[in-house]
Every structure is written in C-alpha cells, then in structure tokens.
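1. Got a predicted structure here, sequence first:
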Amino acid sequence: MLTQWRTFFRNVAKMTSRSFTVIRWLPMLALGLVPTLAFAAPTLIEVHQAPALGPVLGARAIPGQVVVLRAQTGGRVQYVAGPAGTPVRGDEVVVALDTAGLLAQRAQAEAAYAAAQVAVDNGYSQYQVQLYNYGGANPWNPFAWFGQAFAAMMGNQQNPWANYLAALDNRRAAALQAQAQLQSAAYRIREIDAEIRNAYGVSPFYGVILQKDVNPGDVVQPGQSLLVLGGAGPAQVLVQVPTSMSAGLRLGEALEVASNGRSVDARVIQIAPQADAQTHTIAVKLALPPDTGIRAGDYVTVHLPAARSTSLGVAIPKSALLPGRSLPSVLVDVRGVTQLRVLRLGEPLGNGMVQVLSGLRPGEIVVNDPPAGIGSGYRLRTASGADA
C-alpha cells in the first residue's frame, strides 16, 4: 500500500514540472519572441478614398393624393361608404347628409318663384294698358283747348300729359320690381341646389378611405372632418429635413430611398417655403416611381447628398474586419508589424466594401482576411518569406 502512494506522488510531481515549463513559455509567446508563430504570406491591401455618404433620415410614405372631405353644411350623417381601407371609385358618393330640410326649403323657393312670375306678368300687362290708353284732351279739338284754358283760369294747373307719363313710369317700375323678385327667387333655388350637392361627399379619384371621422346618425357642423381619402397612384415620401441639412436640396433632384432591403431613386417635388418653428425642420416631398412596392404608411430611409465641404472618407472590404470583435477593428501594417485599429463604420458601398468614417487614412496597408486569433504586435511576412 505504501508503494502505491509513492508512485502516485511521483506522477503528480512530473505533471507539475511540465505545467511550470508551459507557464514559462507563455510570456515569450505574448512578446512574440517565438519565431515559429509568424504568419506567412498575408494578404495586404491598400486603403483607398471613397466619397463620403450624406446623412440618412427616417421618413414615411404617404399617398400621392390626399383629400379631406369636410362638411359644407350642418346636418345629420345619413350614409358612409365604409371603414378605413375601403376602396372607392371616382365620382362615387362616399358620405351623405340628410337633405329633408333642404328639400323643404327648395319647395318654398319654387313657390316664391312662381309668385314672382305672376307678378312680372301682371306688371308688364298693366304697363301695356297704361301705354296705349292716354287719358288727356284731344289736341285737335278746339273746344278741348278752350276747356283747358278755362281750367287754367279757374286755378287748375294739372297737365294731362305729365299725369300720363307719371302713371306710365309707375307701371314700369312695378314690372321691374316683379322681375327682380323673380331673379331673386331663381338664385335662391340655385343656392339650395348647391347646398344639396354639398350634402353629398364625392370621391374625386380612385383610391381608398384612409380615415373615417363620422358614423351614420352623427350630427355635424360646417367645417367638421368627415372622411380622409387617399389616391391609389404611386406613393410619395414625406421627410422632415433639419434646416442645417436642407441648403443643398433642389427641386427635381434625385435622392436614394430605401425600404425593406431595396433602394430606389425618388425625385424632389416639393420643398416647404419655411421651416417649422418648433422642430426646426423643413418638410420635403419626394415622388416615388411606380411599382416600387412601397405602400402608404411604410417606414423608409432617405439618403441626403453629402455636403461639398465634407471630407472624403475611405473604404475597405468587409473581409478585412477582424471576426468576433464587439467593435469593428482591422490590423494595420506598421513597418512589418500588425497594429490593431478600432474603426467607426459608415454605410455599405456595394461590392463587399464598407465606408470607414474614422480610424484609417488613405494609403495605409491593412491585413485582408486576418486569421482567427491574430492581434496587435505580430510580424508580417510576404509570400516570398522576406520581412514585409
């Protein structure tokens, strides 16, 4: 039994001695003093300049046409085409108010028009009677002259012709007043007809109901919102651009719009003439091309152009980034020895390239496809075996 214990302690001592030997080599490995750990044949690439990308803003897609139907007259809602999302056709009645009171007013206006027409006919008839029935003395009768002279001597200064003209003017004025009342009654009927038409909300285009603000039976007042309609054509993009970034925007300019992993070019069609006093932003509308797959309400991103004063950035392949790092990093060749650099990346540039905002300068050499576990302080060798 004692022999077995001696053998056990002897084996433990051998294992401990080997462990100390490994531990003694660890500082040498960390300092790079072991020449067998140098990586041969690295792939080195040069950092090139790339145009800096402009800022990216979040935005939303809106319908190309939006119409808010508001009540033009007060009344009770009688009909609504449907809830939000209901498709509508052009010239379709989508909301209607009760018109019973307006129809009663129209009947009353028609009765007033008929009475005015009778007054016009009677007025012109009386005018004709007065015009062709002169009641004065016959100027060809000398006895009539004697009678008029005798009447003048007795103090009667009335002139039959003047009386005739005065009566004729009165008949004419009565006929014209009746004609004016007739026109007033006709315009009143037109006014009521316009109010009846305003009681019906008609869709001006083929589209969809975006928002329903009333239900049948609701009592509305003039100016109250009833429905919001959106056109079914290509959508637009509404983006709020900070005033500091809006100086370079121009009408007709094409901007990149991204949504759901795809990018399209949208054209600037409207720039607000003044900024919002609270948000200090300017509303900009972009017209999307047809058949983009972007629907009203989708979230999109708008890439603004870089300012002329913005310095050029650099670009590197994504394969040059060190794998397994929480922060994007690369290895830079500094006189044949690797140096770790932490980068701040920008937007992808396509073809496997990525924009680098800070951490690298044009002309520097980085290690492409770095091996796993490599870090700062390693010596580089070219494919021929000479020191880099």
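-> All right, it came through fine.
2. What's the mean pLDDT across the lengthiest helix in the chain?
-> Longest helix of the chain, by residue count under DSSP state H: helix 160-198. Across helix 160-198, pLDDT averages out at 86.
3. And Met336, how far from Pro222?
-> No, residue 336 isn't Met; it's Gly. Using Cβ to Cβ, to the nearest Å, one gets 83 Å for the distance from Gly336 to Pro222. No exception for glycine: its C-beta is placed from N, CA and C like everyone else's.
4. about what we covered before: buried ones in the longest helix of the chain, by neighbour count?
-> 164, 167, 171-172, 174-175, 178-179, 181-182, 185-186, 188-189, 192, 195-196, 198 (16 or more other Cβ atoms under 10 Å).
5. which stretches of the stretch 251-388 of the chain form helices?
-> Counting by DSSP state H, counting those that start in this stretch, the stretch 251-388 of the chain has no helices at all.
6. what about the strands in it?
-> For the stretch 251-388 of the chain, the strands defined by DSSP state E, counting those that start in this stretch occupy 254-259, 262-271, 281-287, 299-303, 313-317, 329-334, 337-342, 344-350, 353-358, 365-368.
7. Comparing these by mean pLDDT, which bottoms out?
-> strand 344-350 - the lowest mean pLDDT of these, at a mean of 74.
8. Could you tell me how many residues sit around Val237?
-> 25 (other Cβ atoms under 10 Å).
9. which ones are touching it?
-> Ala59, Arg60, Ala61, Ile62, Val257, Ala266, Lys285, Leu286, Leu288, Ile294, Val300, Val302 (Cβ atoms under 8 Å, 6 or more residues apart in numbering).
10. Just give the nearest non-adjacent residue to it, would you?
-> Excluding its sequence neighbours, the residue lying closest to Val237 (Cβ to Cβ, 6 or more residues apart in numbering) is Leu286, at 4.1 Å.
11. Kindly report the same for Glu256.
-> His303 (4.1 Å).
12. which secondary structure elements does the longest helix of the chain contact?
-> Judged by 3 or more Cβ pairs under 8 Å, 6 or more residues apart in numbering; DSSP states H and E, helix 160-198 is in contact with helix 100-131.
13. Remind me what the helix it packs on packs against, helices and strands.
-> Against helix 100-131 (3+ Cβ pairs under 8 Å, 6+ apart) you get helix 160-198.
14. And the helix it packs on, how far out from the chain middle?
-> 53 Å (Cα atoms, centre = their mean, to the nearest Å).
15. Which positions in whichever helix or strand comes after it come out as buried?
-> Counting by DSSP states H and E, the element after helix 160-198 in chain order, helix or strand, is strand 200-202. Buried residues in strand 200-202, counted by 16+ other Cβ under 10 Å: Gly201.
16. ok so, going back, can you add distance to Ala100 and give the strands of the stretch 251-388 of the chain back as JSON lines?
-> JSON lines is the format used below for those (distance: least, Cβ to Cβ, whole Å):
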{"stretch": "strand 254-259", "distance to Ala100": "49"}
{"stretch": "strand 262-271", "distance to Ala100": "43"}
{"stretch": "strand 281-287", "distance to Ala100": "43"}
{"stretch": "strand 299-303", "distance to Ala100": "47"}
{"stretch": "strand 313-317", "distance to Ala100": "71"}
{"stretch": "strand 329-334", "distance to Ala100": "78"}
{"stretch": "strand 337-342", "distance to Ala100": "77"}
{"stretch": "strand 344-350", "distance to Ala100": "63"}
{"stretch": "strand 353-358", "distance to Ala100": "68"}
{"stretch": "strand 365-368", "distance to Ala100": "82"}
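17. who's in contact with Ala96?
-> Contacts of Ala96 (Cβ under 8 Å, 6+ apart): Val77, Gln78, Tyr79, Ala199, Tyr200, Gly201.
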